[in-house]
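Asks: got a predicted structure plus its sequence, pasted below:
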Amino acid sequence: MRGLRLVLAVVRKELLLEWRDPSRLTGLLVFSAALTLLLAFAMPGVHVLPDVAAGAIWLGLVLASTRSLDQSFRTEVENGALEGLVLWPVPSLVIFHGKALANAIVLLLVAVPLTALVFVLYHPRMHGSVVDLGVVLTLGCMALAAPGTLVAAIATQARGSSALLPVLFFPLVVPVVLAATRATTLVLEGDPMDQVGAWVKLLLVFDLAHWTLDGLLFSRIVDEG
Amino acid sequence: MDLPPLEALPLTPGKAVAVLAILVIALLNVRAGRRPWYLARWEDAFGLVGLCLLLDGQYMGLVDAPRERMMGEVGRILYVHVPSAWLTMVAFTLTCLFAIGFLVTGWRSLDLLVESAAEVGVALGIVLQLTGMLFARPTWGVYWDWDPRLVSTAVMLLSFIGVLTLRSLLTDPDQRANLTSAGAILATTSMIVTYFSVRWWRSLHQMQSSPDTVASPMVLVLRINAFAMLFLFTWLLVRRWRLARALAARDEAPPLPSAEVPA
Amino acid sequence: MSGLRAHELSRRFGNRWVLVRVDLEVPAGEGLLLLGPNGSGKTTLLRCLATALKPHHGTATFEGTDLWAARHALRDRIALLSHATRLYEDLSAAQNLSCWAAMGDYRPDVPALLHRVGLDGTGSKPVRAFSAGMRRRLALALALVKQPRLVLFDEPFSALDPQGREVVGGVLDELRGQGATLVLSTHHASLGARFCTRAVRLEAGRIAWTGPAAEARDVVADA
């Protein structure tokens, strides 16, 4: 119970930081919106746009997440707050899960308007239910947030961290982009072969593995003296 | 694994050259009254045996082995491609095991082994990727196909190159060791997940080559080449580890001085 | 109950020993003045005592328990104040305090804490707009959230105006009154001596002199 309360306290702190500096979130939204627009021009013609809608959503989210993860750790290293947290009586696992949860929420806050924008610009079909779409978006954002939080924690300790973050992050989330895009496409275009379950299961397994394993690695690297 | 019958190991020019080379080098050294340089360290014996096996194996692969039924002469690249695939897997599995071992025990040697195995793995991985693409062109008609094994090896290569980049950017030895190991574990898990997710996505590639699925005359040649690469890999890994150890000795702290304030 | 003890405490960075066999003993409830030129290892010593750094040799104990081994339990009682203020720039003073308190499961009286360091009335202004002195005082209030038993204070009087020094001095007196153990690292021997009984001078990571805090002024010329 205490652990959960502390995790929520970390999440609350992160969201309060986002709230007090709205330029961070609006920056992410503008970034992903501009990317969606650019991607449309990079396609052979407007007729393929409905087919690539799901890919546009997830590409936008992955690229936006590198920015949001970088920001989330920049505030922590600015005045040595991360070290302060380690020296505060709060377990490193709690710090990790709090930050990862907050990063997932921020990504979802980007994902919802981004999906709406893709619907407006790319005219995808919509055969599945909004609830299914929501489940896929949530699982996908969580699957980006957990490894992302760990990788950002690793990268902030090196010189030139914002350049290093994508180098470590992108290979790691290849399965997420693949599974989330497939699942989203199946929700949008209909799923006659009933395949969406397999992809959602893959996302779930990825989530489970990273939300447990990465916390241990995070504890090991921030609290080793 | 059962040993092949003796007549399956013909005296090929490859073997003859290899044996001759060893004899000449040994004789020269004995005459000079030196400890043979190629046995200066124990791993050099591995290197030498590996080299001989490789000469022999490649000769057999290029000359003795029959033409591949489906792929013709092009199929001979398999004798490089398949062993390097096996050894790349060995290298990265070892990297991951060393990394877990380091995080549990904190032994410095394991950290240096993580670095060495990852680097040798990347080198082998590049050979694997290049021979794979050269092989793909005549057989599938394209250099690249979105095949699970191709994609996951590429992803794994990228991850491990990322880990080595990370390592090069860190200066504090303790921090460097911890972060490299964490990165190596992440890279290995990502490779496994990528493999299965891409396989789900599409399956075009033939099943894994194991001795059961290839024609028997090829098995022996593949085995000789695999052992050759295994020996060479051991040699390379240990050499790289010695280098890492020598470099780390530079950063090694001197013994704790006395409490006297120096003048 | 014994307070803070260090035995042969040593720490290296890369291949350089920055702290060499430091022996210390601070009885519970007393203060230790830590003196020495820049780069003499004062900050490293404080960070080792705060469990931010693992010693590479030797041990340190607080109230009889090993600092590094029991760090997760002891961090509740130890406060490290350094140039790193731990503050979130976009949050206000009160938000910083309440967020940090919530993350440690503390329930402090935030307005009272702010009043104690003379920061009431800063309202919702983000810390970004604070002066260096105000940040130092807010960092002090943040450390008080823990009600620490061991306070490690790196340069308590730097970047402070006379009024700020008064505030910090008052808080230090109060902490000593509550029985907290203090370690103050400072260039200003005369300012720190008031709160301490013993003094130690570090040089090249080793203890070069130790004596009563009152005599420290003769050893070190005030900066």
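Replies: Great, that's in hand.

Asks: around chain C, pick out the residues from chain B.
Replies: B:171-173, B:250-254, B:256-262 (C-beta under 8 Å from any C-beta of the partner chain). Just so you know, the C-beta spots here come from the backbone N, C-alpha and C atoms, and that holds for glycine as well.

Asks: tell me the secondary structure at A:Met126.
Replies: Assigned by DSSP: H, G, I helix; E, B strand; the rest coil, the conformation of A:Met126 is coil.

Asks: show me what contacts it?
Replies: A:119, A:188 (C-beta atoms under 8 Å, 6 or more residues apart in numbering or on different chains).

Asks: follow-up on the earlier one: max pairwise distance over the residues of chain B next to chain C: which two?
Replies: For these, the farthest-apart pair by C-beta to C-beta is B:Thr171 and B:Glu260; their separation is 29.5 Å.

Asks: from the residues of chain B next to chain C, which land in strands?
Replies: Among those, no member falls in strands (criterion: DSSP state E).

Asks: who touches stretch C:121-140?
Replies: Contacts of stretch C:121-140 (C-beta under 8 Å, 6+ apart): A:20, C:81, C:85-93, C:95-97, C:114, C:117-119, C:158-161, C:164, C:167-168, C:171.

Asks: and stretch A:200-207, by the same measure?
Replies: With C-beta under 8 Å, 6+ apart, stretch A:200-207 has contacts from A:135-136, A:139-140, A:142-143, A:146, A:175-176, A:179-180, A:183, B:193, B:196-197, B:200.

Asks: could you list the buried residues of whichever strand or helix holds A:Gly140?
Replies: Using DSSP states H and E, A:Gly140 sits in helix A:130-156. Using 16 or more other C-beta atoms under 10 Å in any protein chain shown as the test for burial, helix A:130-156 gives A:132-133, A:135-156.

Asks: same question, stretch B:235-242
Replies: In stretch B:235-242, counting by 16+ other C-beta under 10 Å, buried: B:235-241.

Asks: please apply the same query to stretch B:63-75.
Replies: B:65, B:68, B:75.

Asks: and these as a markdown table, adding pLDDT and secondary structure?
Replies: Output for the buried residues of stretch B:63-75, formatted as a markdown table (pLDDT from 0 to 100; DSSP: H, G, I helix; E, B strand; the rest coil):
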| residue | pLDDT | secondary structure |
| --- | --- | --- |
| B:Ala65 | 75 | coil |
| B:Glu68 | 70 | strand |
| B:Gly75 | 79 | helix |
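
Asks: adding distance to A:Pro124 as columns, could you present the residues you listed in CSV?
Replies: Shown next, in CSV, are the buried residues of stretch B:63-75 (distance: C-beta to C-beta, whole Å):
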residue, distance to A:Pro124
B:Ala65, 53
B:Glu68, 46
B:Gly75, 45
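
Asks: among these, which one sits closest to A:Ser219?
Replies: Nearest to A:Ser219 among the buried residues of stretch B:63-75 is B:Gly75, at 50.0 Å by C-beta to C-beta.

Asks: contacts only, for A:Thr181.
Replies: By C-beta under 8 Å, 6+ apart, the contact set of A:Thr181 is A:54-55, A:57-58.

Asks: most surrounded residue in these?
Replies: Most neighbours among those, by other C-beta atoms under 10 Å in any protein chain shown: A:Ile57, with 29 neighbours.

Asks: need the pLDDT of it.
Replies: On pLDDT, A:Ile57 comes in at 96.

Asks: now the host helix or strand of it: buried residues?
Replies: Element membership of A:Ile57 [criterion: DSSP H and E] is helix A:49-78. Of the residues in helix A:49-78, A:49, A:52-62, A:64-73, A:75-76, A:78 count as buried by neighbour count, 16+ other C-beta under 10 Å.

Asks: get me the contact residues on chain A for chain C.
Replies: In this structure, chain A approaches chain C at residues A:2, A:5-6, A:9-10, A:12-13, A:16-17, A:20-21, A:75, A:78-81, A:83-91, A:224-225, judged by C-beta under 8 Å from any C-beta.

Asks: ok, which of the residues you listed also contact chain B?
Replies: Residues of these in contact with chain B (C-beta under 8 Å from any C-beta): A:Glu224.

Asks: PyMOL command for the buried members of the residues of chain A next to chain C?
Replies: Per 16+ other C-beta under 10 Å, the buried members of the residues of chain A next to chain C correspond to this PyMOL selection:
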select buried, chain A and resi 6+9+10+12+13+16+17+20+21+75+78+79+80+81+83+84+85+86+87+88+89+90+91+224
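
Asks: and the residues of chain A next to chain C, which of them are in strands?
Replies: Going by DSSP E, the strands hold none of the residues of chain A next to chain C.

Asks: run the chain-centre distance for the helix ranked longest in chain C.
Replies: Of all the elements of type helix in chain C, the one with the most residues (DSSP state H) is helix C:162-177. Mean C-alpha position of helix C:162-177 versus that of the full chain (C-alpha atoms, centre = their mean, to the nearest Å) differs by 13 Å.

Asks: tell me the buried residues in that helix?
Replies: Within helix C:162-177, judged by 16+ other C-beta under 10 Å, the buried ones are C:164, C:167-169, C:171-172, C:175-176.
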